[in-house]
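[1] Model the structure of this input:
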Amino acid sequence: MPASQLEVKESKRANHLGDTKFIQSTLNYTSNFSRAKELLSSNRYLVDNIVQLALEYYHIGEDELTSFEDMVEKDKGHQLQPDRTSISQALKHIVRDWSTDGKHERLATYPCILETLKELLLGSSCGTTRNPVKVLLPGAGLNRLAHEISLFEDHSMEVTANEFSPYMNIVYRYLLTVRPRSSLYFHPYPDNWSHQVTLSELHRGVHAPDMLPSSSDVVLVEGDFTHAFKHHEWRGSHDVLITHFFIDTARNLLSYIQTIHQLLRPGGIWMNLGPLLWSYNAQLQLSLEEMVKLSEAVGFVFLETDPRWGNKTLPTLTVRSVHAPYGFNHRSLSHNAYKAQFWVAKKGQD
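    Residues are numbered from 1 along each chain as shown. Presented below is the predicted three-dimensional model:
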């Protein structure tokens, strides 16, 4: 290397070291990494407890778990690598569904669903006068909405939740064991350093659950929606089916709509609220207008909805847009939200 190039390289290195020392002396920046590691380690205690409960619930022995861990270690094709993103998201959903920190997100969408459902029940618009009213929520996540519905005072509700993600399911089953209220404490934010006001936001802990769920209030059916309910006995078995932040997870959207139609009684109600953020592997990525047209062709009639839940997305449709924040930490400097689409559709008489 020519002397001039060597001198330039050494000069850049010296400048870099100087900048590093200046930042460190001003901010003590490397302590941020130590603190984040410490908080993530404290979350490990919660994760270990969740895993232990899952092993017991699903009857998985420690030797089987150890054998699987060995397979992961030896996996050269990275087919069995841990899904750290899903673990982080599952913990953040505790914030969204079961803490006061997530209340602002629940208040943006839950009243729309809960109040509309109560009005439909009072008006006997769910296709049945039977007790109890059978409600199904596919893609229910950690099931807070399902539990809110199960607590209706004026109606006997039989609520079934369905979730595909094993991460969500094992975290939910762990939440069912937590006593007393707000006794769970963890740190959900140290893995996201962008858009923060202060370091204390990264380090802030959250208590959960703010309400104690009971396994007797909601039945959880694990598995893929279109497969878990494909048996004949499920057909026409529900009065109401609610898709909350779920419909856009479909790989085969037509299969979703047909399954919803099959599971409802004649005159049963399909209520949807969520974005149309189609999955990367979706076979169909429809516009709202196309979504409505396809659903009508399957056999749904879209009903009028209350203007207090938002403006109509299109003048020709009864679908309304609901401002739905979705970002877990409302104190950050970013604001992520959807124009969630809210509709109520009725299954025609067979």
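[2] Going by C-alpha atoms from here, please, whenever you check contacts or count neighbours.
    Noted.
[3] any idea where the helices of the stretch 101-250 of the chain begin and end?
    103-122, 144-150, 166-175, 199-203, 225-228 (DSSP state H, counting those that start in this stretch).
[4] pLDDT weak spots in the stretch 101-250 of the chain?
    Judged against pLDDT under 70, the low-scoring parts of the stretch 101-250 of the chain cover residues 124-130.
[5] circling back: turn the helices of the stretch 101-250 of the chain into JSON lines, including distance to Asp83.
    Compiled in JSON lines, these are given as follows (distance: least, Cα to Cα, whole Å):
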{"stretch": "helix 103-122", "distance to Asp83": "25"}
{"stretch": "helix 144-150", "distance to Asp83": "24"}
{"stretch": "helix 166-175", "distance to Asp83": "10"}
{"stretch": "helix 199-203", "distance to Asp83": "22"}
{"stretch": "helix 225-228", "distance to Asp83": "22"}
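[6] quick one: the strands in the stretch 251-350 of the chain?
    264-274, 300-302, 320-325, 337-347 (DSSP state E, counting those that start in this stretch).
[7] just those strands: most buried one?
    strand 264-274 (a mean of 24; mean count of other Cα atoms under 10 Å).
[8] how many degrees apart are that strand and helix 103-122 in direction?
    150 degrees (axes from the mean of the first three to the mean of the last three Cα atoms, to 10 degrees).
[9] Going forward, the N-terminal residue is numbered 512.
    Done: numbering now begins at 512, and the last item shifts to strand 775-785.
[10] Out of the helices of the stretch 612-761 of the chain, which is closest to Asp721?
    Of all the helices of the stretch 612-761 of the chain, helix 614-633 sits nearest to Asp721, with 9.7 Å by Cα to Cα.
[11] in the closest one, what counts as buried?
    Neighbour-count burial for helix 614-633, with 16 or more other Cα atoms under 10 Å as criterion, is recorded at Lys614, His615, Glu616, Arg617, Thr620, Tyr621, Cys623, Ile624, Thr627, Leu628, Leu631, Leu632.
[12] contacting residues around the spatially most central residue of the chain?
    Of all residues in the chain, the one closest to the mean position by Cα atoms, centre = their mean is Gly652, 4.8 Å from it. Contact analysis of Gly652 by Cα atoms under 8 Å, 6 or more residues apart in numbering lists His604, Glu674, Ser676, Met679, Asn680.
[13] cool, Asn642 as well?
    When contacts are counted by Cα under 8 Å, 6+ apart, Asn642 touches His666, Ser667, Met668.
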